[in-house]
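In: give me a 3D structure for the following:
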Amino acid sequence: MTDLPPPLPTDDAALRDAMNRVRIEVGKAVIGQDGTVTGLLIALLARGHVLLEGVPGVAKTLLVRSFSAALGLDTKRIQFTPDLMPGDVSGSLIYDARAGEFEFREGPVFTNIVLADEINRTPPKTQAALLEAMEERQVSTDGVTRPLPDPFLVAATQNPIEHEGTYTLPEAQLDRFLMKVYVDYPDEHEDEPTVTCPYCRREIHEDAQRCPHCEQYICDLDAPTARKPWWIVVGVVVCLYVVFRWIVG
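Out: Okay, the predicted model is just below:
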């Protein structure tokens, strides 16, 4: 008999507290993406799926991995490429020479959270391998239906600015996603770096109370950038001289 997942809190305050704790844990790895985390939580609780759209470098993959780790769920990543086959997603039958029979080898879709990275870079034939898994939460192979783990969430990503070599998601597959979340860069105030004094363990900023060692620590941090390396000046002069001789000669 399989173990059922723990029941969700019925009290509204307890549920909000649980969601806030997930946001805090994910925020330790990825900053400024509370809205995306909320979208993932809503999709997970509503038994839906999420399409994350954003330019490269906004930590979409790290966000999903951190979200899965905060909830203690298993996650697997699928890098969608033009040569990816449907069996590479859902699984396939492999002949076992010792047993003399075929056995089913589960694909990466047999997990709690599937990270479908760059889903629009694979042909529609492979994209369709997710249709049954996303809607019915099962995989059918050779007449045998195998259920997927519960909970199950597909978090797919795509790049909105590069369309060369991509395959537009069909309407039937877009309908499988509960929501589409645009992942953008964090705000300026959220992206500010935090410097902690190694002596008093306090954050150093303009309004913070500083210990006697904070001023020296700030000076030590600023010292390498305050000095002007002589070799940079010499290098610039040499480059300008070479360019001048090339133009004149």
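
In: ok, which stretches of this protein are strands?
Out: 50-53, 75-79, 91-96, 101-106, 113-117, 138-141, 144-147, 153-158, 179-182 (DSSP state E).

In: now those as a markdown table including mean neighbour count, distance to residue 165 and mean pLDDT?
Out: Heads up, the C-betas are built off the backbone N, CA and C, glycines and all. Output for the strands of the chain, formatted as a markdown table (neighbours: other C-beta atoms under 10 Å; distance: least, C-beta to C-beta, whole Å; pLDDT from 0 to 100):
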| stretch | mean neighbour count | distance to residue 165 | mean pLDDT |
| --- | --- | --- | --- |
| strand 50-53 | 22 | 17 | 90 |
| strand 75-79 | 17 | 14 | 89 |
| strand 91-96 | 13 | 26 | 81 |
| strand 101-106 | 12 | 29 | 82 |
| strand 113-117 | 24 | 15 | 90 |
| strand 138-141 | 16 | 28 | 84 |
| strand 144-147 | 11 | 33 | 85 |
| strand 153-158 | 25 | 13 | 90 |
| strand 179-182 | 16 | 21 | 89 |
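
In: need those in a markdown table with distance to residue 245, can you?
Out: Output for the strands of the chain, formatted as a markdown table (distance: least, C-beta to C-beta, whole Å):
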| stretch | distance to residue 245 |
| --- | --- |
| strand 50-53 | 51 |
| strand 75-79 | 50 |
| strand 91-96 | 65 |
| strand 101-106 | 66 |
| strand 113-117 | 50 |
| strand 138-141 | 69 |
| strand 144-147 | 73 |
| strand 153-158 | 51 |
| strand 179-182 | 52 |
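
In: tell me which of those strands sits nearest to residue 166.
Out: Among the strands of the chain, strand 153-158 comes nearest to residue 166, with 7.8 Å by C-beta to C-beta.

In: who does that closest one pair up with?
Out: strand 50-53 (parallel), strand 113-117 (parallel) (DSSP bridges).

In: looking at those strands, which is closest to residue 75?
Out: When those are compared (using C-beta to C-beta), the closest one is strand 113-117, at 4.2 Å.

In: contacts for that closest one, please.
Out: With contact meaning C-beta atoms under 8 Å, 6 or more residues apart in numbering, strand 113-117 is reached by 61, 64-65, 67-68, 73-80, 108, 130, 133, 152-157.

In: sweet, I'm off.
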